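1. Okay, sequence plus prediction incoming.
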Amino acid sequence: MVKQIRETIADSAIIKPLLVLFLCGIFTWLVVSVRDIPATYVGKEELKSVRTEIRANREKDITNLEKIMNIGFNNIKINQERQEAKIDRLLSRE
């Protein structure tokens, strides 16, 4: 009787996929945990240097965006002045 139960469990269509998923999960967990081990050994000085580098890059990006925005607003202003000059010329002809 016990032998029949073991055989039916071994031949079951549900148990095999669950076993495969379990083994894949364990393998994935091992890969992820081994991959993250070096990240735990980063020193405080390295973290501080990375933080200052990120801040410097952020400030550069902000200044670049400000320059681009100023150029865009200047172009809009120049185009607006040109359009106003055209309108003034057209009105002065009449």
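-> Looks like it arrived, so ask away.
2. Okay, domains of the chain per the record?
-> 1-37, 41-93 (the TED database).
3. Pull the distance from the helix or strand hosting Q83 to the chain's centre.
-> Under the criterion of DSSP states H and E, Q83 resides in helix 44-93. How far helix 44-93 lies from its chain's middle: 25 Å, per CA atoms, centre = their mean, to the nearest Å.
4. again with stretch 21-28
-> Centroid separation between stretch 21-28 and its chain, computed with CA atoms, centre = their mean, is 27 Å.
5. how about S33, phi and psi?
-> Torsion angles at S33 (phi, psi; degrees, to the nearest 10) stand at phi -70, psi -40.
6. what does the helix or strand encompassing E7 rub up against?
-> In this structure, E7 is located in helix 2-11 according to DSSP H and E. Applying CB atoms under 8 Å, 6 or more residues apart in numbering, the contact partners of helix 2-11 are I15. Every residue, glycine included, has its C-beta placed from N, CA and C.
7. averaged over its residues, what pLDDT does it have?
-> Summarised as a single mean, pLDDT over helix 2-11 is 72.
8. lowest-confidence helix or strand of the chain?
-> For the chain, counting by mean pLDDT, DSSP states H and E, helix 2-11 ranks last in confidence among helices and strands (a mean of 72).
9. Using PDB, list the CA coordinates for that helix.
-> Taking C-alpha atoms only, helix 2-11 is exported to PDB below (Å, rounded to 0.1, in the frame of the first residue of the first chain):
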ATOM      1  CA  VAL A   2       2.800   2.400   1.000                       C
ATOM      2  CA  LYS A   3       4.700   1.500  -2.200                       C
ATOM      3  CA  GLN A   4       1.600   2.300  -4.300                       C
ATOM      4  CA  ILE A   5       1.300   5.700  -2.700                       C
ATOM      5  CA  ARG A   6       4.900   6.500  -3.300                       C
ATOM      6  CA  GLU A   7       4.600   5.400  -6.900                       C
ATOM      7  CA  THR A   8       1.500   7.600  -7.500                       C
ATOM      8  CA  ILE A   9       3.200  10.600  -5.900                       C
ATOM      9  CA  ALA A  10       6.300  10.000  -8.000                       C
ATOM     10  CA  ASP A  11       4.200   9.700 -11.200                       C
END
